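Enquirer: Have a look at this prediction, sequence included:
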Amino acid sequence: MTPSAVSPVAERYRLLLELSPDPIVVHQNGLVVYVNSAAVRFGRVETREELLGLPITDFVHPDSLPRMLERFTDMGDEPGAATMPEEVLMRNATGETRPMEVTSVRTIWEDAPAYQVILRDVAAIRAAETALRHQAALIDHVSDAVISVDRDLHVRSWNRGASRMYGLSALDAIGRSLRTVVGAGTDPSAIVAMGGVVDELHHRYDNGRSLLSRVSATAMGDGYLLVCAATRRPLIERLGAILMSLHQAVIVVREGGRIELANPAAVAMLELHPTAVPGVDIDSLALDFPDDVESPIAGCLRTGLPVADRTAKLTTSDGRRWLSCSARIIDDDANGAAALVSIVDITDRHERTSQLAWEANHDHLTGLLNRGGILRRLARELDAMAAPDDRVAVYYLDLDNFKLVNDSLGHSVGDEVLQTIARRLDAITPVGSAIGRIGGDEFVIVTPLSDDFAGRIEAQSSAVHAAMGAAIALGSRSERLTISIGVAVAGLGDGRSPTDLLRDADIALYQAKLESSSRTPYVHFRVEHREDLQRRQSIEQDLRESLHSGARGLFMEYQPIVTTGDQRVVAVEALLRWDHPTLGRVSPTEFIPIAEMTDLIDLIGDHVVRTATTEFTAAPWTSGLTLCVNMSRRELSDRRLLSRLTAAIEESGMDPGRLCVEITESALAESDARAPATLAAIRELGIQVAIDDFGTGASSLNQLYRLPISILKTAKPFVDALDESVEARAILSSIVAMAHTTGMRVVAEGVETSSQAAKVSGVDCDFAQGYYYATPTALAAIAPLVMRDDTDRPAH
């Protein structure tokens, strides 16, 4: 595709692009070279020239950048190669973020490779669907009858209010003539001609009785919409409202079982037809006394003795009701004895008792067993083992990345996903097994086994993965989730309690999460897994003890930061190390995440800044260098941070301008609303602020521009991709260029090869850091590197 093509085919193609309602963009070497009119509108600019020449990354949300690189790499270099449509967070020129369906196609622009990107707005489609569902729900829940008919007056829709008013379900009413279901005198066109409302029309119930209705009618293009409201409630309903506070029904039963009298409450409770009393036989009612061989009412009539508080089960159109019945003889004349029967609805009390028992063992959202229910079921299965080959398997399941679905689509959608997962697990779980949801997105399956238990565990785990692999429909979109599985198995005489077995399955699940990249179907619990967990707990305890006893075993190493041009050392990053008295050297990748889950990270942060500033200022050859120290999200939220930094500077005598605090982009994104003010206060102390691991979080350069940040450290994946993708270089170049326009300098982290070093220098990165230049080491070991450089170093 070239702008100079003038053939009729090319002209038609150009017109198709220009007139497309979808935004279409062509970018080359990371820069926009063509946009159609729809793209101009999407970008919220006046002319296309305002978009041409801008980096394509300006319009991609940082969350979507890594996936964009992956899509480009997977697509290959062949012209015409394309990606499948995929939802991506895009941004316009004002910074507004919108979800778009994006398709990228390899093309040629001015005889050079380029990408054509087609965007489709999915937000508008979702909004329309949501509005329609909301409207339908509103109509279905109003108390009045809402009916729509076509021009021939055949019913097209029939809400719940209509079903209640006329005694007909929507299934029975839709398709029939309006006059046959509500009355021959109903003419929507006449009602419209009279002003749209008729105060009283004779309608009828399905059973033939009539009622007066107030009817409104509106012409709707190809038919009419009617709203009908009863002007006078039925007698039984009026009496029921008056006597509602009694909560008691009364009937009189003659000898032989004929109901002589029923008050309105009884008529409603027993669903008697008003014309059936007197005369209906009590045995015709769906009334069952499960605790009695003979009906207490019949027994009262036969013996003349009163009965009290007998429980009865009544099946009605609304389901099952539970009643308490008492009876005594009130008449013994020539017409035979009669029993006065009082009936109290105890359904709520009965169901509440049953519900409490159910809730004690079940999860209310999915209906599966809860933790208590699973533990009780597991105890029964363990007690039931009798043969040497008997086993009980516990599968501990956890959805991967469910939090992302829950946070992005809302908790109601998250609940829908959990219910779908519960149904799928129920469908593939063997008979005799128990399924539970024990919190959040965690599920447990308990299965008794007697033979080939290893093969059956493998088959069950595979069945779970297959069930989870199917897409879950969520309105206009679908989601595919994966699951991690940990398994613990107990045999006869195992000795572990249900709690122990569940804990071990949970530990195996944790290991499965760690091994997720290996695509292992499940992890079978081993004692080593428990030992790993105990190691984490031991590390936390020992680290706390070390920090409270003079930081025993903790020491600092430093890694140089160099200029990309002549590779002169301009700064060092302080890195904490730990020599454990029994474990030896413990990696920061092991103990720092443990510390970040507790208050230990605050103690570590204070120790690092005090130790590093003291050591740094004590070495005279560091006078021209900058010291960088890391700061966690938790520290950024600590109100004591500023006083701690001030104390460290004063105690060490360090020039605050030579100190730089680094906070990762993800930590900044997760910090509270006070973070910008805290960073500004740090900057007012004269301390520099750097954003570390830029590109892994949700920030943009526009957002960072509002913060007092002077240094941007790009995430290691940007450098890793330089040798594999030309687009990666273009993106890194764009980030550097945009950072420079805002006055920030850029450090490329993770440089490990000479090729990477050349590339980061080629895109004008100011500084670089990585094993290619130097590994972390003692501060004194860096002195020779500094000594060989010129003494006139650029400030960092």
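Expert: It's in.

Enquirer: Show me the contact partners of the helix or strand where Pro66 lies.
Expert: Taking DSSP states H and E as the definition, Pro66 sits inside helix 65-75. Under the criterion Cβ atoms under 8 Å, 6 or more residues apart in numbering, residues 57, 60, 81-83, 86, 88, 104, 106, 115, 695-696, 717, 721, 724-725, 727-728, 731 lie in contact with helix 65-75. (C-beta placed from N, C-alpha, C; glycine too.)

Enquirer: Apply 7 Å and report the result again.
Expert: Residues external to helix 65-75 that are found in contact with it (Cβ atoms under 7 Å, 6 or more residues apart in numbering): 57, 60, 81, 83, 104, 106, 695, 717, 721, 724-725, 727-728, 731.

Enquirer: And for stretch 750-761?
Expert: Counting contacts by Cβ under 7 Å, 6+ apart, the residues outside stretch 750-761 that touch it are 564-565, 716, 719-720, 722-723, 729, 748, 768-773.

Enquirer: rewinding a little: which members of the contacts of helix 65-75 are classed as buried?
Expert: The neighbour-count test (16 or more other Cβ atoms under 10 Å) marks Thr57, Val60, Thr83, Ser104, Arg106, Gly695, Pro717, Ala721, Glu727, Ala728, Ile731 as buried among those.

Enquirer: Give the full set of residues in contact with the most centrally placed residue in the chain.
Expert: Centroid-nearest residue in the chain: Asn406, 0.9 Å away (criterion: Cα atoms, centre = their mean). Under the criterion of Cβ under 7 Å, 6+ apart, the neighbours of Asn406 are Gly414.

Enquirer: Give me the distance between it and Arg376.
Expert: Look at Asn406 and Arg376: by Cβ to Cβ, to the nearest Å, they are 29 Å apart.

Enquirer: For Arg12, pull up the helix or strand it's in.
Expert: Using DSSP H and E, Arg12 maps to helix 8-19.

Enquirer: quick one: strands adjacent to the next helix or strand after that helix?
Expert: Sequence-wise, the next helix or strand beyond helix 8-19 is strand 24-28, with elements assigned using DSSP H and E. Taking DSSP bridges as the criterion, strand 24-28 forms sheet pairs with strand 31-35 (antiparallel), strand 112-121 (antiparallel).

Enquirer: could you check the angle helix 65-75 makes with the longest one?
Expert: Translated: strand 112-121. Compare the direction of strand 112-121 with that of helix 65-75 by axes from the mean of the first three to the mean of the last three Cα atoms, to 10 degrees and you get 130 degrees.

Enquirer: Show me where the stretch 451-600 of the chain has its strands.
Expert: With DSSP state E, counting those that start in this stretch as the definition, the stretch 451-600 of the chain shows strands at residue ranges 472-474, 477-479, 483-491, 523-524, 554-563, 569-580, 584-586.

Enquirer: TSV please, covering those and showing distance to Val307, mean neighbour count and mean pLDDT.
Expert: Rendered in TSV, the data for these read as follows (distance: least, Cβ to Cβ, whole Å; neighbours: other Cβ atoms under 10 Å; pLDDT from 0 to 100):
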stretch	distance to Val307	mean neighbour count	mean pLDDT
strand 472-474	54	15	85
strand 477-479	58	14	82
strand 483-491	52	23	93
strand 523-524	61	22	90
strand 554-563	81	21	96
strand 569-580	78	21	95
strand 584-586	77	12	92
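
Enquirer: Would you tell me which of those strands gets closest to Ile428?
Expert: Closest approach to Ile428 among the strands of the stretch 451-600 of the chain is made by strand 483-491 (12.1 Å; Cβ to Cβ).

Enquirer: Just the CA coordinates for the closest one, please, in CSV.
Expert: Taking C-alpha atoms only, strand 483-491 is exported to CSV below (Å, rounded to 0.1, in the frame of the first residue of the first chain):
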residue,chain,number,x,y,z
ILE,A,483,-6.6,-23.6,37.1
SER,A,484,-3.8,-24.8,39.4
ILE,A,485,-4.2,-28.1,41.3
GLY,A,486,-2.6,-29.4,44.4
VAL,A,487,-3.3,-33.0,45.5
ALA,A,488,-2.8,-34.7,48.9
VAL,A,489,-3.6,-38.4,49.4
ALA,A,490,-4.2,-40.3,52.6
GLY,A,491,-4.2,-44.1,53.1
